[in-house]
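In: got a structure for you, letters missing:
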């Protein structure tokens, strides 16, 4: 059964850093685009960063220059290095694996989320 597992969340002071990990199990991890989303209470789930199967990263404007996404396919893992964290970035961070076939069929898998709390 395909599974995504996030880890690395925790409590950090504003201005601090955390590194999140997203590890895939029972899947051809290297063909998936991997995305990080976050959702604060009462808010929608927002895209934070993504990395394609070819390791091309993209970032939300709000995190550019502070967050770095990377992948290690040998470990079936994508990392999100977060620095200069802000109080308002407190949220549950979710990992998503996305694959689009030539036929148009898509495969999407989600992790269970990891809590990031930024204290002021």
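Out: Good, I have the coordinates. Because the structure is predicted, anything quoted here is derived from the model rather than measured.

In: report pLDDT for the residue sitting furthest away from the middle of the chain.
Out: Centroid-distance maximum for the chain: residue 103 at 26.4 Å, with C-alpha atoms, centre = their mean. For residue 103, the model assigns a pLDDT of 94.

In: measure how far stretch 28-47 is from the centre of its chain, please.
Out: Relative to its parent chain, stretch 28-47 has a centroid offset of 5 Å by C-alpha atoms, centre = their mean, to the nearest Å.

In: mind listing what's buried along that stretch?
Out: For stretch 28-47, the neighbour count (16 or more other C-beta atoms under 10 Å) marks 29, 32, 33, 34, 35, 36, 37, 38 as buried. Yep, even glycine has a C-beta here, placed from its N, CA and C like the rest.

In: contacts only, for the fifth one.
Out: Spelled out, that is residue 35. 47, 48, 49, 50, 51, 95, 96, 97, 98 (C-beta atoms under 8 Å, 6 or more residues apart in numbering).

In: sorry, back to before: which SSE is the residue farthest from the centre of the chain in?
Out: In this structure, residue 103 sits in neither a helix nor a strand according to DSSP states H and E.
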